[in-house]
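Engineer: Everything below, folded, please.
(one chain, ligands or ions: 2)
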Amino acid sequence: MISIDHAIRTIKKHTHVLAQETIKPIEKANGYILSQTIYAPIDMPPFRQSAMDGYALRLHDALSYTLIGEVQAGDPKAFSLKKGEAVRIFTGAPVPDSANAVIMQERVKGNRLKIEIEGDVNEGDNVRPLGEQIKAGEIALQKGAQLNPAGIGYLLSLGIGHVSVYKKPSIAIVSTGNELVDPGTELVHGKIYESNSKMLLSALYSLKFYDVTLERVKDDFDETRKSLKQLISNNDMVIITGGISVGDYDFVGRALNELQVETLFYKVNQKPGKPLLYGKKEHTSIFALPGNPAAALTCFYLYVYIALSGMTNYTSDELPRVKSKSLSEFEKKADRPQFLKARYKNGEVEILDGQNSSMLQSFALANALVFMPEDLKIIKVGDSVETIVLPV
Ligand code: AMP
Ligand code: MG
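Structural biologist: Numbering: from 1, shown residues only. Ligands and ions are numbered 1, 2, ... in the order given. Modelled structure (predicted):
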């Protein structure tokens, strides 16, 4: 049995970033990590732009200006203004080179030939300078940045329609157990509805990993081995739930052994999730998570998340940990370090009822895990506790 820290270090050490790929069109790249720095191919804005609906002026010392024309957004028309001349202009339209300020229309009176302005106008007012946001050749986004919708919009505004990113892993989730049936089928005595595979699938989806296949195997050695063999050779990661304990019908460990998966650790000194296995076969990472649903999900967030981050080169490879003030009292029965389902808000955390690893009810209300190290036996109201914030 190894420590939590040792398990985390082992995963980090054996996780390598996947190859790069180009994603086109760029709108499909949300959530991906850039594998190359992107330089701006153009100035943005690409011309001096009006920030207002109003009038572009070539300033002089009087308040009245002669109107000589109009520039709409998208208009390529060029005007040459003399001092004291103005053109009608609209937001986003190119400001003539000879104009040195734009005044908003609410501060102007006049007709189609002449206008009078109110108040002070200074050079540069309401004109977005050429390249104000970024100049051609400057770094638009660094290698390692995670694309979000704003990043995609930003790159599109620079005329960029595809990006080089780190590939995302193909993942297989395997649930094991003779007792498992699908929701929608009759629940005969002794059976339970299968929940782990789709729970983990939705956790993967919310982290924007979509290349996932699901498989179910019975508690049968040959079936387990056959199925795992094929999934390991076809995927970057295989996540198994159940069948990894010491029962007579837990065949996962034996099957992985037979398939020459290198076991990097088995059993972690923690509650829940002690029977956790991590291994590798060539480039494929293998996690065998406990069958108990709350233990499986806890191990996913604490360990599988790290491997997923490492494979895609996320900069933050563990979930954020914060100190928060406990609103609850909790006495730890186990000698092992323990993760507790909890609800965190504004620096305070409530430890929820129903911590059993077979129960998901409290996890459904949780957005955090409180960590109790081995030597911490009791948490009192007001104590500062280590809190791991879960992704939504
Ligand atoms: P195991 O680790 O296979 O001994 O399973 C431990 C417990 O988790 C048992 O009560 C199983 O019935 C339950 N379990 C295992 N796999 C699943 C699953 N995919 N969905 C829901 N419960 C499961
Ligand atoms: Mg089982």
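Engineer: next helix or strand past whichever strand or helix holds residue 150?
Structural biologist: Element membership for residue 150 (DSSP states H and E) is helix 149-157. Once the chain leaves helix 149-157, the next helix or strand it forms, by DSSP H and E, is strand 163-166.
Engineer: what pLDDT does residue 315 get?
Structural biologist: pLDDT recorded at residue 315 is 66.
Engineer: do the same with the one 4 residues further on
Structural biologist: Per-residue pLDDT puts residue 319 at 94.
Engineer: and the nearest residue to residue 283 once chain neighbours are set aside, what are its phi and psi?
Structural biologist: Distances taken as C-beta to C-beta, 6 or more residues apart in numbering put residue 236 closest to residue 283, at 6.7 Å, once the chain neighbours are dropped. C-beta coordinates here come from the backbone N, C-alpha and C atoms, glycine included. Torsion angles at residue 236 (phi, psi; degrees, to the nearest 10) stand at phi -80, psi -30.
Engineer: Tell me how far residue 236 lies from residue 336.
Structural biologist: 31 Å (C-beta to C-beta, to the nearest Å).
Engineer: What are the neighbouring residues in contact with residue 243?
Structural biologist: Contact analysis of residue 243 by C-beta atoms under 8 Å, 6 or more residues apart in numbering lists 176-177, 219, 224, 249-252, 288, 291.
Engineer: Show me the helices in the stretch 51-200 of the chain, by range?
Structural biologist: In the stretch 51-200 of the chain, the helices defined using DSSP state H, counting those that start in this stretch lie at 149-157, 196-206.
Engineer: looking just at contacts, which helices and strands does the helix or strand following the last one meet?
Structural biologist: It refers to helix 196-206. The helix or strand immediately downstream of helix 196-206 is strand 212-217, counting by DSSP H and E. Contact analysis of strand 212-217 by 3 or more C-beta pairs under 8 Å, 6 or more residues apart in numbering; DSSP states H and E lists strand 171-176, helix 196-206, helix 221-234 as its packing neighbours.
Engineer: Can you say which of these is nearest to ligand 2?
Structural biologist: strand 171-176 (5.6 Å; C-beta to the ion).
Engineer: Can you tell me what sits against the closest one?
Structural biologist: Counting by C-beta under 8 Å, 6+ apart, strand 171-176 makes contact with 194, 196-197, 200-201, 204, 209, 211-219, 224, 227-228, 231, 234-243, 251-252, 291, all of which sit outside it.
Engineer: Filter those to keep only those in contact with ligand 2.
Structural biologist: Filtering these for proximity to ligand 2 (criterion: C-beta under 5 Å from the ion) leaves 242-243, 291.
Engineer: circling back to that earlier point, tell me the confidence at the residue nearest to residue 283?
Structural biologist: Here the pLDDT value assigned to residue 236 is 98.
Engineer: For it, list the residues it contacts.
Structural biologist: 18, 169-171, 283-285, 311.
Engineer: Now do it against ligand 1, distance only.
Structural biologist: 22 Å (C-beta to the nearest ligand atom, to the nearest Å).
Engineer: Residue 154 now?
Structural biologist: To ligand 1, residue 154 is 42 Å away according to C-beta to the nearest ligand atom.
Engineer: So residue 363: helix, strand or coil?
Structural biologist: Following DSSP: H, G, I helix; E, B strand; the rest coil, we place residue 363 in the helix state.
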